[in-house]
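Colleague: take this sequence and fold it.
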Amino acid sequence: MFVRVKSLSANGRTYRYLHIVENRWENGKVRQRVIGSLGRLDELQQSGDLERVVTQMVEHCPTVRILKAQADGRLQIEDDRLWGPVLVFERLWEEIGLKKLTARLAEGRRFKFDFERLAFALVLQRILEPGSDLQGSKWIHTVWAKGFGSLELKHYYRGVGFLWRKKEEIENALCRRGMDLFNRELDVVFFDTTSTYFEGTRWAGWAKRGKSRDHRPDHLQLVVGIVMRRDGLPVACEIWPGNTTDVTTLRPVVETLKKRFRIRKTIVVCDRGMVSRANIEKMDKVGFEYIIGMKMRRAKEVEEEVLARAGAYSEVQENLQVKEVLVEGRRYVVCRNPDEAEKDRRDREAILDKIREKLKAGGVKAMISNRGYKRFLKVRGQVAEIDEEKARKDARLDGKFVLYTNTTLATDEVAQAYKDLTGIERLWREMKDVVEMRPIFHHIKKDNVRGHIFSCFLALYVTAVFRLKLAEAGKQIPWKDGMRDLSTLRAINVNLDGTKYLFRMPAKGHASEIFAAVGVKMPPLAQPLGATEPVEGDQKT
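Modeller: A predicted model of the protein is given here:
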């Protein structure tokens with residue numbers, strides 16, 4: 001609805017009339033319809049009626065009233081909460097089907113709280129503000145979401161264990177939903193594991209000591225595995241005692257997945273530090289396929305054979321070039337990022353320049369104790385000089401990473417599969433903030449710990465769908481930038497002359513693009529508090 005000025009000619013004169021018009025969609029076209037006429041513009045201006053009409057219309061426009069009151073200093077702000085990310089992720093929570101599913105799972109349970117709201121709160125916290133139950137029970141009161149106001153810490157304790165017990169049912173539903181939503185077959189999945197450790201000995205017998213990715217072999221730990229599709233959507237998560245090896249976990253996981261989801265084959269994607277040479281040989285023996293990121297400076301064959309081979313790179317996407325290298329039947333894929341290569345070159349030249357300056361000043365002793373300098377030095381007693389051969393070898397690594405694989409996937413698919421690990425690694429970091437038990441002494445049951453891990457899995461699923469939505473909309477928005485811009489959109493409760501309104505901050509940066517990509521309608525700048533207001537105490541009693 002808008003105001004339009006229409007000119008009409010009569011008796012040799014032109015008169016301008018002020019009309020209120022609305023756009024309507026009719027028969028596939030936009031039609032304009034005059035709702036009413038306010039009269040001739042010149043007469044309205046001369047009589048002062050125009051100003052009176054505008055003033056009266058403003059009285060019925062919350063946004064204008066609030067902005068005017070803010071300028072006059074009459075506006076009272078009563079509450080200010082995070083809103084932007086809540087709108088986006090709640091939309092995905094609904095579209096994925098988790099809202100209905102978690103509500104249905106709780107039917108017939110004697111919960112004195114809304115389990116669906118608790119499940120969403122757990123997942124939202126993992127995405128935006130990872131932390132303990134105690135932190136989460138406080139944090140949810142700083143966001144604008146219906147039903148969060150009645151959730152308490154005791155509800156976390158009861159709900160998180162129940163979430164784990166419904167794990168398989170939720171995973172099955174999400175897998176079916178994912179295939180329907182993105183219309184892709186589940187033919188190849190990727191498997192990766194990590195470990196998370198505990199403080200203390202409370203879980204002795206269940207959690208065990210083993211090879212620790214956190215470099216804490218003295219602590220009890222669990223091994224956590226995530227199975228993902230090619231497009232980054234997670235399929236399932238599993239948990240084992242901390243002394244479980246990767247190969248030990250693979251066989252039962254593969255067999256279970258094939259039965260549950262009819263997966264054609266599984267490809268293990270991991271870093272070289274996660275599996276030993278003996279484990280690689282076992283995977284070859286049982287027929288598992290894998291893609292392994294090699295440690296370039298510590299693998300002799302990689303350094304002397306693979307990186308030394310000449311050959312042209314093929315560009316598969318922006319800042320990603322690949323080439324295949326075969327060494328006695330062993331298949332390697334060398335990946336190169338030109339931008340990172342230039343950065344590595346500049347960084348090395350800066351270090352070499354500093355070494356030259358220090359050599360002139362006689363600061364040999366200080367350089368020998370510095371690992372960054374020492375790797376480019378040739379030291380004989382108290383005499384040091386730049387080792388040009390080491391510098392040349394280091395230049396071979398500029399912007400590169402090397403993958404070892406026994407798959408028949410194309411080189412670009414091998415490289416992309418390994419890059420997809422960054423999504424899992426981000427989940428690991430979030431998960432460890434919660435599950436490392438520093439300190440989560442209030443967890444009485446093992447299912448509570450498992451439930452926390454599973455809530456991280458659900459958070460990974462929601463964020464994976466979020467990224468797919470952005471990709472389908474052609475948007476390349478870094479995660480940190482997107483969350484920063486969404487977080488500037490806040491819900492502010494204001495009181496104006498005894499009437500309460502919900503006022504939102506203007507959208508900034510990428511916020512509008514994200515809303516459009518996910519399919520969320522941007523809320524009006526101001527509206528009376530009503531249906532949008534999170535109701536306190538609206539849960540079951």
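Colleague: residue contacts, D398?
Modeller: Contact analysis of D398 by Cβ atoms under 8 Å, 6 or more residues apart in numbering lists E340, A341, E342, D344, R345, R348. Quick note: C-beta positions are derived from backbone N, CA and C, even for glycine.
Colleague: could you redo the last one with a cut-off of 6 Å?
Modeller: A341, D344, R345 (Cβ atoms under 6 Å, 6 or more residues apart in numbering).
Colleague: how confident was the prediction at C335?
Modeller: C335 carries a pLDDT value of 92.
Colleague: and for Y501?
Modeller: 77.
Colleague: one more: the one 5 residues further on?
Modeller: With respect to pLDDT, P506 has a value of 81.
Colleague: list the residues that contact the nearest residue to E303 once chain neighbours are set aside.
Modeller: Nearest non-adjacent residue to E303, counting by Cβ to Cβ, 6 or more residues apart in numbering: M296, 6.4 Å away. Neighbouring residues of M296 by Cβ under 6 Å, 6+ apart: V302, L397, V402.
Colleague: so can I have CSV of these showing pLDDT and secondary structure?
Modeller: Below are the contacts of M296 laid out as CSV (pLDDT from 0 to 100; DSSP: H, G, I helix; E, B strand; the rest coil):
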residue, pLDDT, secondary structure
V302, 87, helix
L397, 88, coil
V402, 92, strand
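Colleague: between these, which sits nearest G48?
Modeller: Distance to G48 across the contacts of M296 (Cβ to Cβ) is lowest for L397, with 78.3 Å.
Colleague: how far away is the closest one from L403?
Modeller: 14 Å (Cβ to Cβ, to the nearest Å).
Colleague: so between these two, which is more surrounded?
Modeller: Using other Cβ atoms under 10 Å, the more surrounded residue of L397 and L403 is L403, with 23 against 17.
Colleague: secondary structure class for that one?
Modeller: Under DSSP: H, G, I helix; E, B strand; the rest coil, L403 falls in the strand class.
Colleague: helix/strand/coil for the closest residue in space to it that isn't next to it in sequence?
Modeller: Closest residue to L403 apart from its sequence neighbours, by Cβ to Cβ, 6+ apart: V333 at 4.5 Å. Three-state call for V333 (three-state DSSP): strand.
Colleague: from A308, how far off is V333?
Modeller: 16 Å.
Colleague: the two - which one has more neighbours?
Modeller: Taking other Cβ under 10 Å, V333 and A308 do not tie; V333 has more neighbours (25 against 11).
Colleague: who does that one form a beta bridge with?
Modeller: The bridge-partner assignment for V333, based on DSSP bridges, gives E324, L403.
Colleague: which residues touch it?
Modeller: Residues in contact with V333 (Cβ under 6 Å, 6+ apart) are V322, E324, L403, T411, V414.
Colleague: switch to 7 Å and redo it
Modeller: V322, E324, L403, T405, T411, V414, A415 (Cβ atoms under 7 Å, 6 or more residues apart in numbering).
Colleague: ditto for D394
Modeller: So D394 contacts R348 (Cβ under 7 Å, 6+ apart).
Colleague: okay, it and V302: tell me how far apart.
Modeller: Distance, D394 to V302, by Cβ to Cβ: 14 Å.
Colleague: swap in L18?
Modeller: 77 Å.
Colleague: dump the contacts of M296 into TSV; add distance to E281 as well.
Modeller: As requested, the contacts of M296 are exported to TSV (distance: Cβ to Cβ, whole Å):
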residue	distance to E281
V302	18
L397	27
V402	19
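Colleague: how is this protein divided into domains?
Modeller: The chain resolves into domains spanning 2-60, 61-165+474-541, 167-337+400-441, 339-395 when parsed by automatic domain parsing.
Colleague: what mean pLDDT does the first one have?
Modeller: In this case it means domain 2-60. Mean per-residue pLDDT for domain 2-60: 74.
Colleague: next one: the last one
Modeller: Taken as a whole, domain 339-395 carries a mean pLDDT of 80.
Colleague: okay, how far is it across it, tip to tip?
Modeller: This stretch, domain 339-395, spans 14 Å end to end (Cα to Cα, to the nearest Å).
Colleague: what is the neighbour count of V88?
Modeller: Here the number of neighbours of V88 (other Cβ under 10 Å) works out to 25.
Colleague: what's the next secondary structure element after the lowest-mean-pLDDT helix or strand in the chain?
Modeller: Within the chain, judged by mean pLDDT, DSSP states H and E, the helix or strand with the poorest mean is helix 421-435; its value is a mean of 52. Note on helix 421-435: by DSSP states H and E, the next helix or strand toward the C-terminus is helix 446-472.
Colleague: quick one, the very next helix or strand once past that following helix and helix 446-472 angle?
Modeller: Remark: after helix 446-472, the chain's next helix or strand is helix 479-487, criterion DSSP H and E. If you take axes from the mean of the first three to the mean of the last three Cα atoms, to 10 degrees, helix 479-487 sits at 90 degrees to helix 446-472.
Colleague: packing partners of helix 479-487?
Modeller: Contacts defined by 3 or more Cβ pairs under 7 Å, 6 or more residues apart in numbering; DSSP states H and E place helix 479-487 against helix 84-96, helix 511-518.
Colleague: list the buried residues of the first one.
Modeller: It refers to helix 84-96. By neighbour count with 16 or more other Cβ atoms under 10 Å, helix 84-96 contains the buried residues G84, P85, V86, L87, V88, F89, E90, R91, L92, W93, E95, I96.
Colleague: so, low pLDDT: which residues of the stretch 201-350 of the chain?
Modeller: 201-219, 242-251, 254, 263-264, 271-276, 298 (pLDDT under 70).
Colleague: and the strands in it?
Modeller: Taking DSSP state E, counting those that start in this stretch to define them, one finds strands in the stretch 201-350 of the chain at 221-229, 234-241, 265-271, 289-293, 314-317, 320-327, 330-336.
Colleague: any chance of these in a markdown table with distance to L525 as columns?
Modeller: Shown next, in a markdown table, are these (distance: least, Cβ to Cβ, whole Å):
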| stretch | distance to L525 |
| --- | --- |
| strand 221-229 | 40 |
| strand 234-241 | 37 |
| strand 265-271 | 46 |
| strand 289-293 | 48 |
| strand 314-317 | 40 |
| strand 320-327 | 42 |
| strand 330-336 | 47 |
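Colleague: just name the most buried of these.
Modeller: Of those, the one with the most neighbours on average (mean count of other Cβ atoms under 10 Å) is strand 221-229, at a mean of 24.
Colleague: that one packs against which elements?
Modeller: Packed next to strand 221-229, using 3+ Cβ pairs under 7 Å, 6+ apart, are strand 188-197, strand 234-241, helix 246-261.
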